[in-house]
Each structure stands twice: as structure tokens, then as C-alpha cells.
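Asker: Sequence first, predicted coordinates after that:
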Amino acid sequence: MLRFSTLSLVGADDSLSFLFYANSTNEEDAATQADNTMELAVPVKVKAAVALLGASIPEQVVFTARTDRPSPITKQVDVGPEVTHNYEIRNNGPSNIGSAKLTIMWPSRQKDSDILDNAYILYLLDASVTQGQGQCVVKGSGVNPGGLEAPSTSETTTSASRRRRQAEDNTDDGSVTDAEKQVAQATTLDCTNTDCVEIECTIERLSPGSAVVQVRARLWEKTLLDAGYQETRIETTAELEVVQLLPASLTADSLPTATHKVTTTANPETVSVTSSSIPIWIIAAAAAGGLLLLILIILIMFKCGFFKRKKPTEYQAVKQEPAAKRHSKDFEDA
């Protein structure tokens, strides 16, 4: 068995030729030597296996009905919590990818809403290739369509702290019953029921390894509140299409493709229920009732002779007393 390495191939030829020659130490007639040689051509092709993965950071967010939300909204921090979707394009080889196209469909606003309504869902802030070579183009209205002011470092910290406190204050305290939770149905928002923005990213020269596309946005809380949504699943869809494999001069039997969905779950804040204080007279009555019950138990035990039991020393003295004396004493007592 012979094994050959393809590391030194540059793709100049679409086939490799192998010449096989057989000879013998025995004398052979010259007329029969024509079949001692054979040339074998092996086609050279390119092939790559790809995978498309994705994740939402964070996976779940809480949208709140803020009383201090300005109108109109002019700053990004007043829109809602930030959401990031990361898509990983993984080339499992063996060939290099010369070019690939990643198309992301992004739920941008409510279906058929007027642009003046600002009925955004995931307000797009940025789309870029953060690992690997490439770039992204947002079609249509582009990123930050409302021209909202980007937050400063202090505003970002303040917003994160406020949302952390709200999450702690609105922890489920039983105010929503299990039956109510079962009645509440989750809503899915995707490109079938929203207006989506198309994001097209080009990935260049990807050797076996990974490239990452990152899309940042903010959840437009007011839209979800106005629509009365409860649990809401927002889905983005990505399709990967390999355009070219390297070397480009070689042919591929097929160019691989892949699809993936990333979901962010949004939940409304839980309404906190303030627990009412117990009146003092109830506490006093409970304490008095407990004391009376204790006195009654003691009296019953006294009447039953519970407190007239012999002490351990008396039992010991009776045990050490001679049997004859005990019998006579018992006879006298009788």
C-alpha cells in the first residue's frame, strides 16, 4: 500500500499522473514488454465541510415599563437592553474557503408599521466580522436608523445597574399563579410576521478554523409593551453559502451550505406584590392563646399524677431492701 501527501499541491493541474513500471530479473521477450508500463491519472478536486453555529448574549432579557422613559427617545440607553447575536462559520476542511456569503434576516420592526411609529423590535446597532477576514453590509435603512446617541461609559454602567436592580426586585414571588402561567402563550417574532432587514456578510480566505460575525442591537421595549406581549421569542435566521473553494482552478463536486437560527427570549417584568403587615392584636391574641393552652396541659398532667412520680433515689432504695422485708411491708400495706 502506498500513501501520498497532498500538502505540496498548488492546484496548477486538475489531475495527477502516476506511471507504473514492472520488470523482472528473468529474461523477457522484447515483444511482450509493451504491457509492463501503465499510466494512471487521478483527478484532483477541492472539498470542504462547513458548520454554522450561533448564540444569543444574553439568552433572556426582561423588558420593563419605565416611568422615566423620555419621549421621543434620543439615546440608545433608553431603548432597552442590549442583545448580541454571534454567528460562527466553521470550516472543517480539508480545503480552504476562498469566499463565503452569510445572509442574516433580522426582525427589525412590526409588520406594516409606519417608519414614523418607531415600532422597532431589535433596533440594529452594528454588524461586523469580529474574527477572520470579511465585512458586513446592512441593506435598507442600515444600522442605527434613528440616529440615536451612543451611550457613554457612565451611562452604560448606570443602565446595567438599574436593570440588575429591576431584575432582583421583580423576582417571581408567587404573584402569578401556575394556572395564569399556563394560559399565557409565548409569541414568536420572526420574518414571517415582522419586517426584516437583510444583513449580508462576506467571509474571505477561511482556512480550516472559524470566523465570527457579530450583530449588536437593543430590544425596543415600548413596542413589546404597546403590543401587550408576554413571553416573546425573537428569532434571527442565517444562511451560509460557500461561493468558492481554493485552489480556484480546481472543481468541486458541490459547494456546501448551512443554516441556523438564534433565539432571544424576552419576558415582561413581574409585578411585585407588597406584603401587608399583621395587626398587633392578632399577635397578642395568638401569644395569649398559646399561654392558656400550656397552663391547661400542665393542670391535666398534675391531675393525672404526673408530678408525683418517685425519684430515682427512692427506686434505688427499694431495690436494695431485703426481699423478706419488702414482702412483709407489702403485706402490712395490704
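Answerer: Received the coordinates, thanks. On a predicted model such as this, the values are computed, not experimentally measured, just so you know.
Asker: what sits against the closest residue to Pro72 other than its chain neighbours?
Answerer: Nearest-residue entry for Pro72: Asn118, 7.7 Å, with adjacent residues in sequence omitted and distances by Cβ to Cβ, 6 or more residues apart in numbering. (Each C-beta comes from the backbone N, C-alpha and C, glycine too.) Counting by Cβ atoms under 8 Å, 6 or more residues apart in numbering, Asn118 makes contact with Pro72, Ile73, Gly146, Trp220, Lys222, Thr223.
Asker: Of these, which is the nearest to Ile57?
Answerer: Ile57 lies nearest to Trp220 out of those, by Cβ to Cβ, at 18.0 Å.
Asker: any idea how far the closest one lies from Ile73?
Answerer: 9 Å (Cβ to Cβ, to the nearest Å).
Asker: Mind listing the shared neighbours of those two?
Answerer: Common neighbours of Trp220 and Ile73 (Cβ under 8 Å, 6+ apart) are Val79, Asn118.
Asker: In terms of neighbours, single out the busier of these two.
Answerer: The neighbour count for Trp220 versus Ile73, taken as other Cβ atoms under 10 Å, is higher for Trp220 (23 against 20).
Asker: can I assume that one is in contact with Gln110?
Answerer: No - assessed by Cβ atoms under 8 Å, Trp220 is found out of contact with Gln110, at 9.4 Å.
Asker: what is in contact with these two at once?
Answerer: Between them, Trp220 and Gln110 share the contacting residues Ala119, Ile121, judged by Cβ under 8 Å, 6+ apart.
Asker: ok, and for the helix or strand harbouring Gln244, which residues are buried?
Answerer: Per DSSP states H and E: Gln244 is located in strand 232-246. Within strand 232-246, the residues scored as buried using 16 or more other Cβ atoms under 10 Å are Thr232, Ile234, Glu235, Thr236, Thr237, Ala238, Leu240, Val242, Gln244, Leu245, Leu246.
Asker: Farthest-apart pair in those residues, please.
Answerer: Pairwise distances across the buried residues of strand 232-246 (Cβ to Cβ) peak at 42.9 Å, for the pair Thr232 and Leu246.
Asker: burial count for Gly147?
Answerer: Gly147 is flanked by 6 other residues according to other Cβ under 10 Å.
Asker: part of a strand, is it?
Answerer: No - read with DSSP: H, G, I helix; E, B strand; the rest coil, Gly147 is coil and lies in no strand.
Asker: Give me the distance between it and Lys303.
Answerer: 89 Å.
Asker: Same check on Lys261?
Answerer: For Lys261, the distance to Lys303 - Cβ to Cβ - is 78 Å.
Asker: Would you mark the buried spots in stretch 197-216?
Answerer: Applying 16+ other Cβ under 10 Å to stretch 197-216 flags Val197, Ile199, Cys201, Ile203, Glu204, Leu206, Ala211, Val212, Val213, Gln214, Val215, Arg216 as buried.
Asker: Once you drop chain neighbours, what's closest to the fifth one?
Answerer: I take that to be Glu204. Nearest non-adjacent residue to Glu204, counting by Cβ to Cβ, 6+ apart: Gln133, 4.4 Å away.
Asker: mind checking how far Gly140 is from Ile280?
Answerer: Taking Cβ to Cβ, one finds Gly140 at 65 Å from Ile280.
Asker: hmm, back to that, list the pairing partners of the strand holding Gln244 within its sheet, with orientation.
Answerer: strand 96-110 (antiparallel), strand 187-189 (parallel), strand 257-268 (antiparallel) (DSSP bridges).
Asker: burial of Ala284, as a residue count?
Answerer: Ala284 - counted by other Cβ under 10 Å - has 10 other residues nearby.
Asker: Flag the shaky bits of the chain, pLDDT-wise.
Answerer: Regions of the chain meeting the criterion pLDDT under 70 cover residues 6-12, 113-117, 153-184, 270-277, 307-334.
Asker: And the strands in it?
Answerer: Counting by DSSP state E, the chain has strands at residues 15-21, 37-43, 48-57, 60-63, 82-94, 96-110, 122-131, 133-138, 187-189, 194-206, 209-219, 232-246, 257-268.
Asker: Out of those, which is closest to Gly289?
Answerer: strand 257-268 (43.9 Å).
Asker: circling back: of the buried residues of strand 232-246, closest to Asp13?
Answerer: For the buried residues of strand 232-246, the nearest to Asp13 is Leu246 (14.9 Å; Cβ to Cβ).
Asker: Surely the closest one touches Val46?
Answerer: Yes - Leu246 is within contact range of Val46, at 6.8 Å (criterion: Cβ under 8 Å).
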